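*Asks:* Let's see this in three dimensions:
(2 chains)
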Number of protein chains: 2
Amino acid sequence: MTGPGGPAGNSGLILEALVTTLDPGGAMHLAPMGPHLDPADPGRLLLLPYPDSDTGRNLRRHPEGVVHVTDDVLLLARAAVGPVEPPPPAFPARHVRGFVLAGACRYHEFRVTAVDDSGPRVRLAAEVVHAGRLRDFFGFNRAKHAVVEAAILATRTAFLPAEEIAAEYGRLAVLVAKTGGPAEKEAFALLEAHVEKAKASRQK
Amino acid sequence: MTGPGGPAGNSGLILEALVTTLDPGGAMHLAPMGPHLDPADPGRLLLLPYPDSDTGRNLRRHPEGVVHVTDDVLLLARAAVGPVEPPPPAFPARHVRGFVLAGACRYHEFRVTAVDDSGPRVRLAAEVVHAGRLRDFFGFNRAKHAVVEAAILATRTAFLPAEEIAAEYGRLAVLVAKTGGPAEKEAFALLEAHVEKAKASRQK
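*Replies:* You can find the predicted model right below:
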């Protein structure tokens, strides 16, 4: 489907993004995801949803959605550990049937053009049919990125050793305290609580 | 100079940025720096240069410069380990005497308004006199951020244990290989070489 030069190839970067798709009832479904993008070829995306994920199922049913670039790590953290209630503000996408997060920095409305499920993970090639900019991305901030790493770990409590997660959280906490603002601190505390809860429920 | 609500206060975020100042001969001097910014108050910056740094000295002589938001981790890595030769493309700033990096995402031309050297580190309060956008910041990418962390470590080889740096580089290398593109891989390799060289010269 895509060769080594395609979005999954050597020139592709993984964007830690928020993706919206349509659930079976036509409402917005929000999830964190890491699509592959090639900065030199912004018209294409490669999505690798877990086959048993809601996003994967939603895209099989309705192959359109929206990939968002955001620096809002509090929303990212909340989406990583469960459904965000109430859902964040959104408006209808313009060129696909789907939803755009109003608080995002930029967004890419996409349509799936090819499905490759020959490998262990489904690969969905998509074309970007519309892109928009809402606000600027802050830039490199160690605390924001520490929250991204913590959020990824928080989704892996079922199979990573609790000690490994705790050690990594200890390192990340220093960066959040030193370089973050209130939103980064709130996001990290939320993830810490989630990891603690997961650990306690495993010990039962 | 700035209270708890100012750019150094609880609401401030540290931006891992590139800063240009004027050297004694009036040429562009480029260095990585972590100014404090409050996203809710984009008209102000707080700079904390090391007193013995070229940037600190340059700003005492000519209190104007440009803070850049960039996602170009190769340039960031090169600037972290020494002078970038040849200097990257730049154009004259519009409202201060200084230079804007042509490859940056956004930039903030600033003028220092107050100096506080009562603490161990000089605190320079600055006002942003002009801001511009050149291109979009990619967004969250684990490899780019791993390079930022590696670059910060690379500037600390003189006082951090070599084993600690090696362990952290091992962790970061995985992220770069998994989620980065060619520029991220080149930047990381350059930093690895720098750290190895620093280690070898210490062992002599």
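*Asks:* Validate this expectation: residue A:190 resides in a strand.
*Replies:* No. Assigned with DSSP: H, G, I helix; E, B strand; the rest coil, residue A:190 falls outside any strand and is helix.
*Asks:* Give the helix, strand or coil label for residue A:110.
*Replies:* Classification of residue A:110 by three-state DSSP places it in strand.
*Asks:* Relative to chain B, how far out is it?
*Replies:* For residue A:110, the distance to chain B equals 15 Å [C-beta to the nearest C-beta, to the nearest Å]. All C-beta atoms are positioned from the backbone trio N, CA, C, and that covers glycine.
*Asks:* same thing with residue A:88?
*Replies:* Counting by C-beta to the nearest C-beta - residue A:88 and chain B are separated by 17 Å.
*Asks:* With residue A:128 instead?
*Replies:* Residue A:128 is 13 Å from chain B, by C-beta to the nearest C-beta.
*Asks:* pLDDT weak spots in chain A?
*Replies:* A:1-11, A:204 (pLDDT under 70).
*Asks:* Outline the domain layout of it.
*Replies:* A:13-133, A:142-203 (automatic domain parsing).
*Asks:* How about the residues of chain A by chain B?
*Replies:* When proximity is defined as C-beta under 8 Å from any C-beta of the partner chain, chain A approaches chain B at A:10-17, A:34, A:37-39, A:69-71, A:76, A:105-106, A:133, A:136-145, A:148-149, A:152, A:178-182, A:184.
*Asks:* just checking, which of those residues belong to strands?
*Replies:* A:13-14, A:17, A:37, A:69, A:106, A:133 (DSSP state E).
*Asks:* Including neighbour count, could those go into TSV?
*Replies:* Shown next, in TSV, are these (neighbours: other C-beta atoms under 10 Å in any protein chain shown):
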residue	neighbour count
A:13	24
A:14	23
A:17	26
A:37	26
A:69	23
A:106	19
A:133	13
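*Asks:* State the pair within those that is farthest apart.
*Replies:* Farthest apart among these by C-beta to C-beta are A:14 and A:133. That separation is 20.9 Å.
*Asks:* Look up how far residue A:129 lies from the most centrally placed residue in chain A.
*Replies:* Here the mean C-alpha position of chain A is nearest to the C-alpha of residue A:32 (C-alpha atoms, centre = their mean), at a distance of 2.2 Å. Residue A:32 is 22 Å from residue A:129, where distance means C-beta to C-beta, to the nearest Å.
*Asks:* now swap in residue A:155 and tell me
*Replies:* 29 Å.
*Asks:* for residue A:179, same thing?
*Replies:* 37 Å.
*Asks:* The two: which has the busier surroundings?
*Replies:* residue A:179 (22 against 15; other C-beta atoms under 10 Å in any protein chain shown).
*Asks:* Could you pull up the residues touching the more buried one?
*Replies:* Neighbouring residues of residue A:179 by C-beta atoms under 8 Å, 6 or more residues apart in numbering or on different chains: A:141-143, B:13-14, B:34.
*Asks:* Next: residue A:54.
*Replies:* By C-beta under 8 Å, 6+ apart, residue A:54 lies in contact with A:21, A:23, A:29, A:31.
*Asks:* Ok, residue A:189 next?
*Replies:* Neighbour list for residue A:189: empty [criterion: C-beta under 8 Å, 6+ apart].
*Asks:* rerun that using 10 Å as the cut-off
*Replies:* Residue A:189 sits next to A:77, A:173, A:176 when contact means C-beta atoms under 10 Å, 6 or more residues apart in numbering or on different chains.
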